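Asker: 3D, please:
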Amino acid sequence: MNEITTTRQNHLIDPVMHVWGWEIPVYLFLGGMVAGIMILTGARLLGRSREEPSTAMGLLPWAAPVAITLGMFFLWLDLAHPFNAWRFYLTLKISSPMSWGAWILLGIYPASILLAWHTTPDSMKARVRKPMAGFPLFRRLDAWAEDRVRLLAWVNIVMGGALGVYTGVLLGTMAARPLWNSALLGPLFLVSGLSTGAAFMLLYRLTDRERILLGRTDMGLISVELVILALWMVGLATGGAASQAGLQVIMGGPYTAAFWTLVVVVGLLVPLVGEWLEHKHGAVPGRGAAVLVLIGGFALRWILVFGGQASGWVTEIAMR
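Answerer: The predicted structure follows:
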């Protein structure tokens with residue numbers, strides 16, 4: 001028997017950590033979805049498709065700045081001292097994921113807004129250009145967005161990739177939480193964000209060609225996500241006692257049923273089979289699979305945030 005004596009008494013981390021509330025998984029979900037929208041819309045611009053995009057496809061990039069604003073609001077609600085948030089922008093700490101995240105979030109706005117403005121249908125832009133013609137800054141930004149489309153697309157892809165990876169790195173760098181301590185959380189959250197971004201776009205009135213392309217893309221992303229998820233679990237299972245104990249949270253622990261039902265079955269396997277059947281029979285992807293992907297993407301972040309906080313040295317001791 002191992003006997004441990006401690007005089008520590010902290011209600012936020014003893015016996016398990018519960019520092020982060022519901023706001024964090026909501027923020028991580030919205031951030032991942034925004035990353036997916038930015039990357040997919042940027043890639044579409046680089047593809048130089050001759051087909052005229054639908055009105056919905058032209059307007060969908062506006063969802064990125066709106067959703068990230070909503071996500072940052074939830075993140076702000078979780079802060080212990082929310083009115084000190086501006087201090088993040090007084091410095092950049094290279095070793096701090098949160099410092100990097102703060103600056104990435106700030107950079108998302110100009111990149112996503114300029115891309116959204118470029119993709120907006122010309123008839124709608126004309127209505128804005130007329131009253132804004134007297135503002136030189138608006139005219140310059142408008143001309144810049146029109147003349148540097150490929151650069152704008154690449155900036156959105158890079159910034160979206162940084163945002164998607166950051167949402168996983170934010171958890172993965174916390175070695176004290178065994179369920180989070182994996183380098184694969186960054187790629188996992190990035191691929192999941194791309195999948196939820198594609199699913200979000202499928203909810204709108206796109207052309208059949210746009211829906212088919214997004215459906216095939218999402219099918220590939222779900223397949224990659226399943227592989228990364230499996231590798232992440234294998235890495236924990238073959239790690240030390242702490243990693244193995246952390247894995248028990250979703251392998252027999254309190255989050256097992258929710259993880260395997262909502263994330264693996266409902267959020268990944270069922271949409272994958274549904275999209276494969278649509279592809280096999282040449283059908284236009286519907287909205288059912290997209291809704292399930294969004295549910296699964298949100299459940300993944302919810303379970304990892306709260307399950308990760310429940311994993312720690314107490315779990316390891318209980319396993320011995």
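Asker: Not counting its own residues, what contacts the helix or strand that contains residue 271?
Answerer: Assigning secondary structure by DSSP states H and E places residue 271 in helix 270-280. Here helix 270-280 makes contact (CB atoms under 8 Å, 6 or more residues apart in numbering) with 199, 215-216, 218-219, 222-223, 226, 283-286, 288-290, 292-293, 296. Heads up, the C-betas are built off the backbone N, CA and C, glycines and all.
Asker: repeat that for 10 Å
Answerer: Here helix 270-280 makes contact (CB atoms under 10 Å, 6 or more residues apart in numbering) with 195, 199, 202, 211-212, 214-223, 225-226, 264, 283-286, 288-296.
Asker: These in helices, which ones?
Answerer: 195, 199, 211-212, 214-223, 225-226, 288-296 (DSSP state H).
Asker: quick one: low-confidence parts of the stretch 151-300 of the chain?
Answerer: For the stretch 151-300 of the chain, applying pLDDT under 70 flags the ranges 175.
Asker: So for the helix or strand hosting residue 144, what gets flagged as buried?
Answerer: Assessed by DSSP H and E, residue 144 sits inside helix 136-147. Residues 141, 142, 145 are the ones in helix 136-147 that count as buried (16 or more other CB atoms under 10 Å).
Asker: Nearest to residue 156 among these?
Answerer: The closest of the buried residues of helix 136-147 to residue 156 turns out to be residue 145 (CB to CB; 11.5 Å).
Asker: Distance of that closest one relative to residue 51?
Answerer: Counting by CB to CB, to the nearest Å, the gap from residue 145 to residue 51 is 21 Å.
Asker: now residue 33
Answerer: Here residue 33 is placed at a distance of 25 Å from residue 51 (CB to CB).
Asker: Settle it for me: which of the two has more neighbours?
Answerer: residue 33 (29 against 10; other CB atoms under 10 Å).
Asker: which residues touch the more buried one?
Answerer: Residues near residue 33 by CB under 10 Å, 6+ apart: 63-64, 67-68, 71, 164, 192-201, 294, 297-298.
Asker: hey, where'd the helices end up in the stretch 101-250 of the chain?
Answerer: Counting by DSSP state H, counting those that start in this stretch, the stretch 101-250 of the chain has helices at residues 122-132, 136-147, 149-172, 185-201, 208-237, 241-247.
Asker: ok and the first one relative to helix 136-147, angle-wise?
Answerer: The reference is to helix 122-132. Here the directions of helix 122-132 and helix 136-147 differ by 160 degrees (axes from the mean of the first three to the mean of the last three CA atoms, to 10 degrees).
Asker: Also the longest one?
Answerer: Taking the same axes, to 10 degrees, helix 208-237 and helix 136-147 form an angle of 90 degrees between their directions.
Asker: related to what we said a few turns ago, could you point out which of the helices of the stretch 101-250 of the chain sits nearest residue 42?
Answerer: Nearest to residue 42, of all the helices of the stretch 101-250 of the chain, is helix 149-172, at 3.8 Å by CB to CB.
Asker: which of the residues in the closest one are buried?
Answerer: Buried residues in helix 149-172, counted by 16+ other CB under 10 Å: 152-157, 159-172.
Asker: How much space separates residue 76 from residue 92?
Answerer: Residue 76 is 20 Å from residue 92, by CB to CB.
Asker: correct me, but residue 154 touches residue 38?
Answerer: No. Residue 154 is beyond contact range of residue 38, at 11.1 Å (criterion: CB atoms under 10 Å).
Asker: Overlap in contacts, these two.
Answerer: Counting by CB under 10 Å, 6+ apart, the residues touching both residue 154 and residue 38 are residue 111.
Asker: What separation is there between residue 58 and residue 116?
Answerer: Per CB to CB, residue 58 is found 9 Å from residue 116.
Asker: okay, and the common contacts of those two?
Answerer: Residues within reach of residue 58 and of residue 116 at once, by CB under 10 Å, 6+ apart, are residue 41.
Asker: which of those two has more neighbours?
Answerer: residue 116 (23 against 19).
Asker: Enumerate every residue touching the residue nearest to that one when sequence neighbours are not counted.
Answerer: In space, residue 116 comes closest to residue 61 once its chain neighbours are excluded; the distance is 3.8 Å by CB to CB, 6 or more residues apart in numbering. Applying CB under 10 Å, 6+ apart, we find residue 61 in contact with 37-38, 40-42, 44-45, 112-120, 156, 201.
Asker: let's go with 7 Å and repeat that
Answerer: Residue 61 makes contacts with 37, 41, 112, 115, 116, 119, as judged by CB atoms under 7 Å, 6 or more residues apart in numbering.
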